[in-house]
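Chemist: Next one to model:
(chains A, B, C and D)
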4 protein chains.
Amino acid sequence: MAETIGFVGLGQMGRQMAERLAQAGFALRVWNRTRQRAEGLPSATVCDSPREAARGVDLVVSSLADDQAVTDVVLGDGGLLAGLGDGAVHMGTSTISYALAGRLTEAHAARGRTFVATPVLGRPEAAARGELWILTGGDAAAIARCQPVLGVIGRGQVHLGTQQQALLAKIIANFMIASTIELLGEATALGAKGGIEPADLVRMLTQTLFGSPVVNGYGARIASGAYEPAGFRMALGLKDIELALGCGRELRAPLPAANVVREHMIEALARGHDAWDWSGVAAIAHEAAGLRAGDPPPSTRRP
Amino acid sequence: MAETIGFVGLGQMGRQMAERLAQAGFALRVWNRTRQRAEGLPSATVCDSPREAARGVDLVVSSLADDQAVTDVVLGDGGLLAGLGDGAVHMGTSTISYALAGRLTEAHAARGRTFVATPVLGRPEAAARGELWILTGGDAAAIARCQPVLGVIGRGQVHLGTQQQALLAKIIANFMIASTIELLGEATALGAKGGIEPADLVRMLTQTLFGSPVVNGYGARIASGAYEPAGFRMALGLKDIELALGCGRELRAPLPAANVVREHMIEALARGHDAWDWSGVAAIAHEAAGLRAGDPPPSTRRP
Amino acid sequence: MAETIGFVGLGQMGRQMAERLAQAGFALRVWNRTRQRAEGLPSATVCDSPREAARGVDLVVSSLADDQAVTDVVLGDGGLLAGLGDGAVHMGTSTISYALAGRLTEAHAARGRTFVATPVLGRPEAAARGELWILTGGDAAAIARCQPVLGVIGRGQVHLGTQQQALLAKIIANFMIASTIELLGEATALGAKGGIEPADLVRMLTQTLFGSPVVNGYGARIASGAYEPAGFRMALGLKDIELALGCGRELRAPLPAANVVREHMIEALARGHDAWDWSGVAAIAHEAAGLRAGDPPPSTRRP
Amino acid sequence: MAETIGFVGLGQMGRQMAERLAQAGFALRVWNRTRQRAEGLPSATVCDSPREAARGVDLVVSSLADDQAVTDVVLGDGGLLAGLGDGAVHMGTSTISYALAGRLTEAHAARGRTFVATPVLGRPEAAARGELWILTGGDAAAIARCQPVLGVIGRGQVHLGTQQQALLAKIIANFMIASTIELLGEATALGAKGGIEPADLVRMLTQTLFGSPVVNGYGARIASGAYEPAGFRMALGLKDIELALGCGRELRAPLPAANVVREHMIEALARGHDAWDWSGVAAIAHEAAGLRAGDPPPSTRRP
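Modeler: Just a heads-up that it's a prediction; the model follows:
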């Protein structure tokens, strides 16, 4: 007989994960702020509150946008934690702050429940294919309890230690992505000013020593110069870089390269590019070099 | 019968390339500033000047340290260019400035000789195994002429366009390496302040989305915290970042991330770490976070 | 007969302002979180809550540490706003965020009270002498109502517009001070590496084109190399730079120079200098250049 | 009877100094690369070479654009040094590199002549009024010898030590000016995004704690938003920031704030603003915040 689990938050990422879990045979108790997004899942019961979604199950998965949403949905009135049964596990996949990860851990423990952190690396397409990377943190037995779910949504796991450490690692990973975009932006801008097409420079990088999922994926996007539609919007990228800088402040670790990215993200928004993907940071480096999107490189212009 | 080629500059990189060429059956006319480093190669004639090494051959390879060395050895009295025969090709593997690449191209053309740029990516160990990546720029026929040599020293080639463009791409590649070291330094510093061992963070990065020859290789070095002996000394790294910033100035492309690296390299030298590998830039990020080399991460310290 | 006003918050700054007001003939209703700091003022009634201090007077002055304190003391239960009479004015001298300035303005207006922003520039010594600079924002009639108080505590006023604009100007002023400290730190570090004593360099700057209260005051401190005891602690400086960067994010204005200061402040804290004055940012620039506090410059060392 | 001195280099600055010296009664032997700029000075003999201008006088003043010009005019064939008599003094007012200052000192000493460094702070208008600030470095007796000239061209002197130290101080002063422009740019951009007119923000700064010749002068220019015609062109500003960064590299002192300015200067040139005054760095900060030159601040736009 199918196991029943709770699932709270059916946004771009959550919906994909929930669909895979339903297909894999889990019965779901689901809740979403906008109720209609919660409908249409097979074997799923749509609940009226996060508390209802958590009632009577051993395991609840959450997928929420940011600290504010997690605070409201988990800790608020009618929240997930209030519905969670004795000994039940809350598996949080959201990217939240290091501080909130600590607060959630304590709040669950104070009520005899268990929070485990399982932030995920990957875009919605990867979620749809069950190819997310999952960073895990928290009690080993509780993480073991999550394995049937983790095996359905992810291609692999890396265990980091505590719940806060899993979040910290996730925040660092996003800082690394954003900063790599910045480097690719500066590199392709400089190349283009010397007449090397961005696509040629990216090809050189990926063929030689720099090829990786991040460099290959974002390199191709930067070479194309197309920043809309966004896979991950600029304002969300800025939020994530702020999470890294916030950790840097709290843990006392300077991050000068992260600041370069931060200011370029703010510049992108100041210039009105709210709809851009966060990889548009590269376009800011291009514009600062006097290139405009779509410009052929100088060598092509002067025959 | 073996073809005879010239080879000028038998430093760490040059010696390895020359040995592979000798093993592959080339007869060599070699010159090195310190004569004794030029000795002991099979089928090699040690010459008294770069001009002598270039005399009577169709192809001369150069491997020299910097702009000053290339200017002296190629353009000076008794230099390579003076010895190069009519129609002969000079294949330059050195990392030099964008400006000097332009001057060399013109100086050779003005005398009816051909300069092709073939800067190489890889450390001496890669050179010893014939596994360098080679970036090529210049006349197609002249590059075709170099193929027997390129096939022996490299695992692959990327053609970029002009001689200056090949150098620009090489300078950009070194900027990307140095900046990636900086990112790994900031990332592991932040992780360590939150109790994540650098080796664990690097493992997470390489296993998920960031694995590449550069991240894997330098990540391991940073995780070990061992910056001596140097594979590529800090002062040389600084020289290469200055080449990138110099291109940025000349071609008018701002490179804010490159400046972060530059200042950390200067700080490393100011603190007396002249003997460090350039990956020691990461240690500067660690020290700025209050970590000292060899410190266990905070979580370990407080049991 | 003496006018009675409320005064809430008797920290380093508040106590000095309150004493001057008492000496100038105002009767005060005072409140401070730590009650004993509120005692000993002539003509003052110590109250049990901010609400009590605000009761029955036309004007209340507040001087509080940060957003959290202002939120609690003004908007909380038993707070200042709850005690403020119909038409009364709350004159806020604290440095708070741009966002909170907006919230305070609205919260007062919604209850028929008036909030005016009067953040002050100057250290406690200046407050003791009535030599603060006051930036004013808000309703003109309400500011006119504050003039008897403003004339006692300040040497002059600059009107900026709205309450938020007065706070923004104050935040910008603190960013300018912190960044000027950074510039003086880098300048004296570079000079010292070339054998110029910091005091001589500062003297050159102030005698020629750079002399101003900020450069003269902080220049002297940096030349002395003494960062304890703090006039304004590093962590407070970091809080203020974060306010500027927060405005930059909210209003979409990149502030790359502010980030340089921010990272140096975090580095100072990471290295354990919690007790330092924020001007110790300069010492971080000195240490990055391989100088240690108290080192004679190189020229002196090599006789 | 009038003393005769040599004067080499009659550009924007040199011409003004030479005219004041002529008016003060000095007879001049002058040389300029473009001869016609050397003509029309009272009591002046126009010479055919720097060597001729230096012949038979005890003191020669030079005012030249950069390292290249000084190297050519002083050390080249027919150069100033070749014409300088036994025991004569060469007083150099040009802003040159730290390294060249060292070479000039040695080259003069090797021939029994004396080089003193007297770089000047101030614009051509200040030179015309004899209100330059002069930084002096070198042998005390030789500087004493220069006093009759220094008294005519300057309003005051600061003695720094050696010739190199005088240049280093001058380079630092220009770094401080450029960085102050950057700070004013960021500050006024942030203010404008919050509805504070740049002129109002500058007025606040200068009236309170920040007023100095540099802040007042450049603040007014930034408030006006007019960057043409240039008093000191962007490319020259970039050259001077590069001198500071070059000193930082040579003396091993990181200058992160200087890099922020450098990249904004390169961006200004990349965007085609070659004709701008270097204070246009502020406009780059404004544009990065989404403001355009001439935009009214947001508050004005939304009535």
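
Chemist: Is any residue of stretch A:81-98 near chain C?
Modeler: No: for stretch A:81-98, no contact with chain C is found by C-beta under 8 Å from any C-beta of the partner chain; the gap never falls below 14.8 Å. Using the backbone N, CA and C atoms, a C-beta is placed for each residue, glycine as well.

Chemist: then that stretch to PDB, C-alphas only?
Modeler: Once non-C-alpha atoms are left out, stretch A:81-98 reads as follows in PDB (Å, rounded to 0.1, in the frame of the first residue of the first chain):
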ATOM      1  CA  LEU A  81       5.000  22.500  12.600                       C
ATOM      2  CA  ALA A  82       1.700  22.700  14.500                       C
ATOM      3  CA  GLY A  83       0.300  19.800  12.500                       C
ATOM      4  CA  LEU A  84       3.400  17.600  12.600                       C
ATOM      5  CA  GLY A  85       2.900  14.400  14.700                       C
ATOM      6  CA  ASP A  86       5.100  13.100  17.500                       C
ATOM      7  CA  GLY A  87       8.400  12.000  16.000                       C
ATOM      8  CA  ALA A  88       7.500  13.000  12.500                       C
ATOM      9  CA  VAL A  89      10.200  14.500  10.200                       C
ATOM     10  CA  HIS A  90      10.000  17.700   8.200                       C
ATOM     11  CA  MET A  91      12.300  17.600   5.200                       C
ATOM     12  CA  GLY A  92      13.000  21.200   4.000                       C
ATOM     13  CA  THR A  93      14.200  21.600   0.400                       C
ATOM     14  CA  SER A  94      14.000  25.500   0.300                       C
ATOM     15  CA  THR A  95      16.900  27.800   0.100                       C
ATOM     16  CA  ILE A  96      16.700  29.800   3.300                       C
ATOM     17  CA  SER A  97      19.100  31.700   5.400                       C
ATOM     18  CA  TYR A  98      21.600  30.100   7.700                       C
END
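
Chemist: ok, is that stretch in contact with chain B or not?
Modeler: Yes: contact of stretch A:81-98 with chain B (C-beta under 8 Å from any C-beta) involves A:Tyr98.

Chemist: Find out how far that stretch is from the centre of the chain, if you would.
Modeler: 17 Å (C-alpha atoms, centre = their mean, to the nearest Å).

Chemist: Please work out the average pLDDT along it.
Modeler: For stretch A:81-98, mean pLDDT is 97.

Chemist: so which strand or helix has A:Ala178?
Modeler: When elements are assigned from DSSP states H and E, A:Ala178 belongs to helix A:163-193.

Chemist: ok and that helix relative to helix B:163-193, angle-wise?
Modeler: 170 degrees (axes from the mean of the first three to the mean of the last three C-alpha atoms, to 10 degrees).

Chemist: what comes up buried for helix A:163-193?
Modeler: The neighbour-count check on helix A:163-193 (16 or more other C-beta atoms under 10 Å in any protein chain shown) flags A:163-193 as buried.

Chemist: just those that are near chain D?
Modeler: A:Lys193.

Chemist: where does chain A dip in pLDDT?
Modeler: Within chain A, the stretches with pLDDT under 70 are A:1, A:293-303.

Chemist: Helices of that one, start to end?
Modeler: Using DSSP state H, the helices of chain A run over A:12-23, A:50-54, A:67-70, A:80-83, A:98-110, A:124-128, A:140-153, A:163-193, A:198-207, A:213-224, A:234-251, A:256-270, A:281-288, A:298-301.

Chemist: JSON lines for the ones you listed, including distance to B:Trp276?
Modeler: Listed next are the helices of chain A as JSON lines, based on distance: least, C-beta to C-beta, whole Å:
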{"stretch": "helix A:12-23", "distance to B:Trp276": "42"}
{"stretch": "helix A:50-54", "distance to B:Trp276": "52"}
{"stretch": "helix A:67-70", "distance to B:Trp276": "40"}
{"stretch": "helix A:80-83", "distance to B:Trp276": "50"}
{"stretch": "helix A:98-110", "distance to B:Trp276": "31"}
{"stretch": "helix A:124-128", "distance to B:Trp276": "39"}
{"stretch": "helix A:140-153", "distance to B:Trp276": "39"}
{"stretch": "helix A:163-193", "distance to B:Trp276": "22"}
{"stretch": "helix A:198-207", "distance to B:Trp276": "26"}
{"stretch": "helix A:213-224", "distance to B:Trp276": "26"}
{"stretch": "helix A:234-251", "distance to B:Trp276": "24"}
{"stretch": "helix A:256-270", "distance to B:Trp276": "19"}
{"stretch": "helix A:281-288", "distance to B:Trp276": "29"}
{"stretch": "helix A:298-301", "distance to B:Trp276": "38"}
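
Chemist: C:Ala199: which of the ones you listed is closest?
Modeler: Ranking the helices of chain A by proximity to C:Ala199 (C-beta to C-beta) places helix A:256-270 first, at 29.4 Å.

Chemist: Which elements pack onto that closest one?
Modeler: If you count contacts as 3 or more C-beta pairs under 8 Å, 6 or more residues apart in numbering or on different chains; DSSP states H and E, helix A:256-270 packs onto helix A:163-193, helix A:234-251, helix A:281-288, helix B:163-193, helix B:256-270, helix C:256-270, helix D:281-288.

Chemist: In a markdown table: the ones you listed, plus distance to B:Gln23.
Modeler: As requested, the helices and strands packed on helix A:256-270 are arranged in a markdown table below (distance: least, C-beta to C-beta, whole Å):
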| stretch | distance to B:Gln23 |
| --- | --- |
| helix A:163-193 | 36 |
| helix A:234-251 | 49 |
| helix A:281-288 | 44 |
| helix B:163-193 | 26 |
| helix B:256-270 | 36 |
| helix C:256-270 | 51 |
| helix D:281-288 | 55 |
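
Chemist: To A:Ala275, which of those lies closest?
Modeler: Closest among those, using C-beta to C-beta: helix A:234-251, at 8.1 Å.

Chemist: in that closest one, what's buried?
Modeler: By neighbour count on 16+ other C-beta under 10 Å, the buried set for helix A:234-251 is A:234, A:236-245, A:247-249, A:251.

Chemist: cool, stretch A:61-79 as well?
Modeler: Residues A:61-67, A:69-71, A:73-75, A:79 are the ones in stretch A:61-79 that count as buried (16+ other C-beta under 10 Å).

Chemist: can I get the CA coordinates of that stretch in PDB?
Modeler: Extracted in PDB, the C-alpha atoms of stretch A:61-79 (Å, rounded to 0.1, in the frame of the first residue of the first chain):
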ATOM      1  CA  VAL A  61       8.400  17.800   2.400                       C
ATOM      2  CA  SER A  62       8.400  21.600   2.000                       C
ATOM      3  CA  SER A  63       9.400  23.700  -1.000                       C
ATOM      4  CA  LEU A  64       9.000  27.400  -0.400                       C
ATOM      5  CA  ALA A  65      10.400  30.600  -1.900                       C
ATOM      6  CA  ASP A  66      12.200  32.400   0.900                       C
ATOM      7  CA  ASP A  67      12.600  33.100   4.600                       C
ATOM      8  CA  GLN A  68       9.400  34.900   4.800                       C
ATOM      9  CA  ALA A  69       7.400  32.100   3.300                       C
ATOM     10  CA  VAL A  70       9.000  29.500   5.400                       C
ATOM     11  CA  THR A  71       8.500  31.500   8.600                       C
ATOM     12  CA  ASP A  72       4.800  31.900   7.800                       C
ATOM     13  CA  VAL A  73       4.100  28.400   6.500                       C
ATOM     14  CA  VAL A  74       6.100  26.500   9.000                       C
ATOM     15  CA  LEU A  75       6.000  28.500  12.200                       C
ATOM     16  CA  GLY A  76       2.800  30.500  11.800                       C
ATOM     17  CA  ASP A  77      -0.700  29.800  13.000                       C
ATOM     18  CA  GLY A  78      -2.000  26.800  11.100                       C
ATOM     19  CA  GLY A  79       1.500  26.100  10.200                       C
END
